[in-house]
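In: sequence and predicted structure, then a few things I'm wondering about:
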Amino acid sequence: MLRFTLSRIGQTLGVLLIVSVIIFALMRLIPGDPVLIMLGDEYTEEAYRQLRAKLGLDRSVLLQYLIWMQNVLRGDFGYSYLNHQRVSVLLWDAFVPTLVLVVASVIVGVLVAVPSGLVAAMRKDSPLDWGSMTFAILVYSMPSFWKGIILIWIFSVYLGWFPAMGYVAPWQDLGQALWRLVLPAVTLGTFFSGLVARIIRSSLLEVLDQDYIKAARAKGVRQSALVYRHALANALIPVVTVIGLQFGTLLGGAVLTETVFAIPGLGRLTVSAILIRDYQVVQGAILLGVLFVVAINLAVDVAYGFLNPKIRVA
Amino acid sequence: MRSLDADDLTLRAPLPPTAVAVPAGVRAGVGVWWRRFARNRGAVFGLAVFLGMVAMALFAGVLAPYDPLAQGVGAPLAGPSWAHWAGTDSFGRDMLSRIIYGARIALVVGIVAVLLALVIGVTLGLVAGYYGGGVDAAIMRVMDGLFAFPIIILAIAMMAIMGFGVRNVIIAVAVGFIAPFARVTRGDVLAVKEEPYIEAARLVGVRNLPIMFRHVLPNILAPVIVQAALRVSGAIITEAGLSFLGLGPPPPTPVWGSMIAEGRNFIVMAPHVSTIPGIALMITVVGLNLFGDGLRDTLDPRLKR
């Protein structure tokens, strides 16, 4: 198990190295001189040269990359001249709301997916099965930004039940935070539930078809006991994998959901930084986003290795 | 006498036409496949939606009642009526015409981006799987790196580099889809290249490139096609997302994502501006997903859930 974990960590570090090269290369491909963008319209030749040297842009590309990596590893993502703030501070401030949104969405997703997948599998081919699978494919296919607008229209504008926009940190005012989190979490969570419900259904059907379940049934164990005590735990394992596999999609969905609900998260930070050409921030935000995805994948893989010894072969 | 070269051999002695790796669906012929596909009602609905969308895109000029860019053809923000079935937007443009023309962009971006990703990804996967070793490691590690990016975030970064416009949206979306194609292809190539008929081709001296493209590729196409069908909807959603964020084709191009974004400002007084393009987008995506699921179940039974 230790070897498996170490080898997965090694692979992850390799992926991160390549990711960092890709991001660095992408940022160098952006047209326009970043020094000019930072200095604005009025600048002196001297200021230009100074800033250029300060940013290390007068050195070779390889050296620039190494300096950037060295700084990133120390947690220094540079300085945002447009926001007058350290990039690491901006990133941290934006990361927390995104994390809160994603966690809430996973919770909502699982809460919706488990019962609907369960019902669909237990009543296979019934209208209930058909209904819950249709619901799953619908919520999965709705673009999150559109779903968010529709939810705002119905539940904020029309019914007035929930606030349409904004973010409050849970440790500032838990009630307000949860209240404001309902619509965004439902928006992103139902997308996730659509995916998971279909997987719970199919893995449950598969488990219910296995010999140990048939044996239990033959011994007279009731259907409900079969499902809750024997089958469900096994059927939930693939759900863990899906969280890992789809975490990137979930984070991507968060970018759009944040825009709709005006949540000051990583997605909003990235998009607004692109629009004002604040590339230090873009670079850091993308790296942080990918780091987040890769870390979750690593955690899921290792957890999965504990749950299922068969896959411990790296 | 001229000595026979490898190509002569392949021409005269064709390799066994049915290889073990050909999925049952392909071997059985189109007729049987279609009967199996037609039994899946969702898939048929999906195909119908897809064909309807293609028709809408092709005949947009005939179907659209108004010029999609003409302002003031109706009162601004008017709800659906006989004159304007889907209402009008804040510039008094006919929403239905814009939605019909929007289908064209959605479809072009969806299909071209996926095809581009397919060609690049399949080639990389083919080369990686076939040659193995250092080539494989180099290609697949880069693919792992690309795979780690959430597609929309990678596309956002690409748009920042390339600037706005339909062509750039296509490239940005395509880059995000290369890695999945490379992975699927490589996995299947690893299995197929051990088959006796590939060994036979190599023994008679067929060169690597013809083996890869003439003998390996046809036998791994089914999962690639399935993958492509399932990805088109993702590409369309990604394009809509980019447009929604204001990073897609610039205004006044009729794009569903920007139409939804514009309607957000009028959600109280004119909810149709956001909702109706969204419905078009959703029907398209549901249709393509059902079609892709149906293709997967009939072409590539291994993946069936």
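Out: Perfect, thanks for sending it.
In: buried ones in the helix or strand hosting B:Gly31?
Out: Secondary structure assigned from DSSP states H and E places B:Gly31 in helix B:29-38. Of the residues in helix B:29-38, those with enough neighbours to count as buried (16 or more other C-beta atoms under 10 Å in any protein chain shown) are B:33, B:36-37. C-beta coordinates here come from the backbone N, C-alpha and C atoms, glycine included.
In: which one among the residues you listed gets closest to A:Ile150?
Out: B:Phe37 (32.5 Å; C-beta to C-beta).
In: contacts only, for the closest one.
Out: Under the criterion of C-beta atoms under 8 Å, 6 or more residues apart in numbering or on different chains, the contact list for B:Phe37 reads B:43-44, B:47, B:294-295, B:298.
In: now with 6 Å?
Out: Taking C-beta atoms under 6 Å, 6 or more residues apart in numbering or on different chains as the definition of contact, the neighbours of B:Phe37 are B:43, B:294, B:298.
In: I figured the first one hits B:Gly294, correct?
Out: Okay, so that is B:Ala43. Yes: here B:Ala43 lies in contact with B:Gly294, judged by C-beta atoms under 6 Å, at a distance of 2.1 Å.
In: re earlier: filter the contacts of B:Phe37 by proximity to chain A?
Out: Among the contacts of B:Phe37, no residue is within reach of chain A (C-beta under 6 Å from any C-beta of the partner chain).
In: which of those fall within helices?
Out: Among the contacts of B:Phe37, the members falling in helices are B:43, B:294, B:298 (criterion: DSSP state H).
In: now do the second one, the pLDDT please.
Out: Reported pLDDT at B:Gly294 in the predicted model: 85.
In: any figure for the gap between it and A:Ser126?
Out: Separation of B:Gly294 from A:Ser126 (C-beta to C-beta, to the nearest Å): 21 Å.
In: who has more neighbours out of these two?
Out: Between B:Gly294 and A:Ser126, B:Gly294 has the larger neighbour count (other C-beta atoms under 10 Å in any protein chain shown), namely 24 against 12.
In: same question for whichever strand or helix holds A:Ala136: list its buried residues.
Out: In this structure, A:Ala136 is located in helix A:127-141 according to DSSP H and E. Taking 16+ other C-beta under 10 Å as the neighbour-count basis, helix A:127-141 is seen to contain the buried residues A:129, A:132-133, A:135-137, A:139-141.
In: repeat for stretch A:162-181
Out: Of the residues in stretch A:162-181, those with enough neighbours to count as buried (16+ other C-beta under 10 Å) are A:162-164, A:167-168, A:177, A:180-181.
In: before we move on, the earlier item: can you put the contacts of B:Phe37 in CSV and add distance to B:Ile237?
Out: Formatted as CSV, the entries for the contacts of B:Phe37 read as follows, by distance: C-beta to C-beta, whole Å:
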residue, distance to B:Ile237
B:Ala43, 20
B:Gly294, 19
B:Thr298, 24
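In: quick one: the one helix or strand A:Ile107 maps to near chain B?
Out: The secondary structure element spanning A:Ile107 is helix A:87-122 (assigned by DSSP H and E). No: judged by C-beta under 6 Å from any C-beta, helix A:87-122 stays clear of chain B, getting no closer than 11.4 Å.
In: excluding chain neighbours, what is closest to the residue nearest to the spatial centre of chain A?
Out: For chain A, the residue whose C-alpha lies nearest the mean C-alpha position (C-alpha atoms, centre = their mean) is A:Leu251; its distance is 2.6 Å. With sequence-adjacent residues excluded and distances taken as C-beta to C-beta, 6 or more residues apart in numbering or on different chains, A:Leu251 is closest to B:Pro150, at 4.9 Å.
In: show me what from the stretch 1-150 of chain A comes close to chain B.
Out: For the stretch 1-150 of chain A, the residues found near chain B under the criterion C-beta under 6 Å from any C-beta are A:15, A:18-19, A:22, A:26, A:29-30, A:141-143, A:145-146, A:149.
In: coming back round to it: closest to A:Tyr48 out of the buried residues of stretch A:162-181?
Out: A:Tyr167 (38.7 Å).
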